[in-house]
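Enquirer: Return atomic coordinates for the entry below.
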Amino acid sequence: FFALAQHLLDLGGDIHRSTPDGDTCSDLARNFGHQKILDLFEKHQGSPLMYSPPQLRAQRAMKIKSKLAEDLQGELREESRRNKFEKMEMGQVIDAVVAA
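Expert: Sure thing, here's the model as predicted:
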């Protein structure tokens, strides 16, 4: 979870946003016992990116969604490729790897 939290912060994620229930990222990290993530959020508390106008926050949100979608598509392609190799006979796998 730490790497994902760091990645979202690197993309400009807003740690001050809250869930519909009113919980912030820090609240959730604390409630689920993720001290390392809580420390990361506390380190970013004063970041000027967290106090930006709504338009900038919306742009950052779109950038984050786009990057996550891109990462997910890459993982799905890799998973599909792995599944393809799992279904092949060993000779076919060797031929495919040598041809690549």
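Enquirer: gap between residue 95 and residue 81?
Expert: From residue 95 across to residue 81, the span is 15 Å (C-beta to C-beta, to the nearest Å). Every C-beta, even on glycine, is put in place using the N, C-alpha and C of the backbone.
Enquirer: do residue 12 as well
Expert: The value you get for residue 12 to residue 81, if C-beta to C-beta is used, is 31 Å.
Enquirer: So if I had to pick from those two, which one is more boxed in?
Expert: Neighbours were counted for residue 12 and for residue 81 using other C-beta atoms under 10 Å; residue 12 has more, 18 against 11.
Enquirer: My guess is that one contacts residue 60. True?
Expert: Yes: judged on C-beta atoms under 8 Å, residue 12 makes contact with residue 60 at a distance of 3.9 Å.
Enquirer: Show me where this protein has its helices.
Expert: Using DSSP state H, the helices found in the chain span residues 2-10, 25-31, 35-43, 54-87, 90-99.
Enquirer: To residue 18, which of these lies closest?
Expert: Proximity to residue 18, assessed across the helices of the chain by C-beta to C-beta, is greatest for helix 25-31 (7.9 Å).
Enquirer: other SSEs contacting the closest one?
Expert: Counting contacts by 3 or more C-beta pairs under 8 Å, 6 or more residues apart in numbering; DSSP states H and E, helix 25-31 packs against helix 35-43.
Enquirer: contacting residues around the spatially closest residue to residue 8 that is not a sequence neighbour?
Expert: By the measure of C-beta to C-beta, 6 or more residues apart in numbering, the closest residue to residue 8 outside its immediate chain neighbours is residue 64, 6.5 Å from it. By C-beta atoms under 8 Å, 6 or more residues apart in numbering, residue 64 lies in contact with 8, 11-13.
Enquirer: Adding mean pLDDT and distance to residue 17, write the helices of the chain out as TSV.
Expert: Formatted as TSV, these follow (pLDDT from 0 to 100; distance: least, C-beta to C-beta, whole Å):
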stretch	mean pLDDT	distance to residue 17
helix 2-10	83	11
helix 25-31	86	8
helix 35-43	87	12
helix 54-87	76	8
helix 90-99	67	45
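Enquirer: Save the ones you listed as CSV, and put in distance to residue 19 too.
Expert: Shown next, in CSV, are those (distance: least, C-beta to C-beta, whole Å):
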stretch, distance to residue 19
helix 2-10, 15
helix 25-31, 8
helix 35-43, 14
helix 54-87, 15
helix 90-99, 45
